[in-house]
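# Pasted the sequence and its predicted model underneath.
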Amino acid sequence: MGRTRTMARRLIRALLIESLEDPPVDQLLQLLQNSSTSLWVSSPCTGSSPGTDTGGSVRVPAAYCGIFGLRPSHGLVSTENVIPMSQMFDTVGWFARDLSMLSCVSNVLLPLAADNTIKQPTHVTIPKDCFEILGSLSDQTYQILNASVAKRFGNDAVDNRNLGEFVSANVPTVGKFISDFSRSEAPSVPALSVISYVMRCLQRSEFKANHGEWVKTVKPNLGPGIRERVHEAIASEDGPMEDFHVLKTEFKSALSALIKDDGILAIPTVPGSPPKLRMEAVALENFRARAFSLLSIAGLSGFCQLSIPLGVRHGVPVSVSLVACHGADRFLLSVAQELYGTLKQETKKAWSWSSSDSSL
């Protein structure tokens, strides 16, 4: 572990020292200490590597290392011989340093598409609430995406409806839980907080079934943070599992109706800059809640999600994510290929590239 952390520290410095007077290495290390794979990919040493993603373990490290990270549609890539965490959500994804490498790896690992015709999306939903409440306003990713989609696919392709309102109106079982999340004083989208809560409850239940006996018997020496979450999962009650499963089915159906086969959902990958090493508990919990509200969209639905790096702003890599329906992984990648150049152009404009702390 010590060797991995030393390598991680060197890699982060190599990536960021050019654009920072005081690189936030320690605050990044807290988040990335278990993400040496993504750090390795972001270095010049290699171009791609696999990774598992149950709740965000490909997407989040990719976002904070400034590389591409794909969580494929659930069940599309075999998880055989992978130790399960939660079979309902476990996926095998991959990191890539650039789109060319991402395409090469995806062509090998993804099933062949029935129709290889490259399609453009008829609509791209860019939910205002996800960016303005759950994301970071200072990154200007909402404006960047709107401008890029309009420029590449036309103004009519842009859809800015609030995702929280859509979920509340189209996922009936959300109403059974939403009152518990509507009173939050922290910034939140209550309907997406419910989605996150249900996914975490289902994930904990399966984790407990898979590993509860082993944890109680072996009593492994787990690191801080991980230890508390593992024991919390083992001790948790399952709750109304039937309602959870019904909501999961409703959510997948509603999201399918929103995106359709020829649409894309664009969201922040993460809420903003990574949490600092000694962040106050309340602020850290708020960060985690916003992060899981975003990550559970693809997680609970089983849809594919690609985290796309935009550049480095104020010393931290910034990314956005594109989400497509289950099984539309190749379509998702083709849209990313078409949109990426425009995203980079609009990012330069929005960030006023005369600034010395921003770089591609």
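Right, received. Where do you want to start? Residues are numbered from 1 along each chain as shown.

# so where do the helices sit in the protein?
Secondary structure of the chain (DSSP state H): helices located at 2-16, 25-32, 36-42, 59-65, 99-109, 128-129, 141-153, 163-170, 190-218, 226-235, 241-259, 281-301, 329-350.

# Looking at those, spot the one closest to residue 269.
Comparison of these against residue 269 by C-beta to C-beta identifies helix 59-65 as nearest, at 4.1 Å. Heads up, the C-betas are built off the backbone N, CA and C, glycines and all.

# okay, the closest one in PDB with CA atoms only?
This file holds the C-alpha atoms of helix 59-65, laid out as PDB (Å, rounded to 0.1, in the frame of the first residue of the first chain):
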ATOM      1  CA  ARG A  59     -16.500   6.900 -13.000                       C
ATOM      2  CA  VAL A  60     -15.200   8.800  -9.900                       C
ATOM      3  CA  PRO A  61     -11.500   8.000 -10.300                       C
ATOM      4  CA  ALA A  62     -11.700   8.700 -14.000                       C
ATOM      5  CA  ALA A  63     -13.300  12.100 -13.300                       C
ATOM      6  CA  TYR A  64     -10.600  13.100 -10.800                       C
ATOM      7  CA  CYS A  65      -7.700  11.800 -12.900                       C
END
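
# Quick check, pLDDT for residue 115.
Listed pLDDT for residue 115 reads 61.

# Revised request: answer the last question for residue 38.
Reported pLDDT for residue 38: 52.

# now, of the helices of the chain, which is deepest in the fold?
helix 59-65 (a mean of 28; mean count of other C-beta atoms under 10 Å).

# So what touches stretch 73-82?
52, 87, 89-93, 109-111, 302-304, 326-329 (C-beta atoms under 8 Å, 6 or more residues apart in numbering).

# ok, residue 262 - contacts?
By C-beta under 8 Å, 6+ apart, the neighbours of residue 262 are 119, 121-123, 331.

# if you set the cut-off to 6 Å instead, what comes out?
For residue 262, the contact set (C-beta atoms under 6 Å, 6 or more residues apart in numbering) comprises 121-122.

# Tell me the spacing between it and residue 251.
For residue 262, the distance to residue 251 equals 20 Å [C-beta to C-beta, to the nearest Å].

# Count the residues that sit near residue 221.
6 (other C-beta atoms under 10 Å).

# phi, psi of it?
Main-chain torsions, residue 221, degrees, to the nearest 10: phi -90, psi 90.

# now do residue 89
phi -130, psi -10.

# ok, and the closest non-adjacent residue to it?
residue 54 (4.9 Å; C-beta to C-beta, 6 or more residues apart in numbering).

# Report the contact partners of the one you found.
85-86, 89-90.

# And the pLDDT at residue 260?
95.

# Residue 30 now?
For residue 30, pLDDT reads 40.

# Show me the one of the helices of the chain that comes nearest residue 179.
Closest among the helices of the chain, using C-beta to C-beta: helix 190-218, at 8.7 Å.

# Can you spell out which helices and strands pack onto that closest one?
helix 163-170, helix 226-235, helix 241-259, helix 281-301 (3 or more C-beta pairs under 6 Å, 6 or more residues apart in numbering; DSSP states H and E).

# quick one: the second one to helix 190-218, angle?
In this case it means helix 226-235. 90 degrees (axes from the mean of the first three to the mean of the last three C-alpha atoms, to 10 degrees).

# for the longest one, same thing?
Taking the same axes, to 10 degrees, one finds that helix 281-301 is oriented at 100 degrees with respect to helix 190-218.

# Look at residue 175 and say how many residues are nearby.
Residue 175 is flanked by 12 other residues according to other C-beta under 10 Å.

# burial count for residue 76?
That count, for residue 76 with other C-beta under 10 Å as the rule, works out to 16.

# on that earlier part again, the helices of the chain into TSV, with extra columns for distance to residue 308?
Output for the helices of the chain, formatted as TSV (distance: least, C-beta to C-beta, whole Å):
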stretch	distance to residue 308
helix 2-16	17
helix 25-32	18
helix 36-42	14
helix 59-65	9
helix 99-109	9
helix 128-129	19
helix 141-153	10
helix 163-170	19
helix 190-218	21
helix 226-235	28
helix 241-259	17
helix 281-301	14
helix 329-350	6
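
# mind checking which of these is nearest residue 72?
Closest to residue 72 of the helices of the chain is helix 329-350 (C-beta to C-beta; 5.3 Å).

# Who are the packing partners of the closest one?
In terms of contacts (3+ C-beta pairs under 6 Å, 6+ apart), helix 329-350 is packed against helix 141-153, strand 304-313, strand 316-324.

# Including mean pLDDT and distance to residue 345, could these go into TSV?
Converted to TSV, these look like this (pLDDT from 0 to 100; distance: least, C-beta to C-beta, whole Å):
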stretch	mean pLDDT	distance to residue 345
helix 141-153	98	8
strand 304-313	98	11
strand 316-324	97	14
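
# State the pLDDT value of the nearest residue to residue 283 once chain neighbours are set aside.
With C-beta to C-beta, 6+ apart as the criterion, residue 283 has its nearest non-adjacent residue at 7.5 Å, and that residue is residue 275. Looking at residue 275, its pLDDT is 88.

# Can you give me the neighbour number for residue 275?
20.

# any idea how far it lies from residue 180?
For residue 275, the distance to residue 180 - C-beta to C-beta - is 24 Å.

# cool, and residue 264?
31 Å.

# Mind checking which of those two has more residues around it?
residue 264 (28 against 12).

# List the residues that contact the more buried one.
121, 124, 322, 324, 335.
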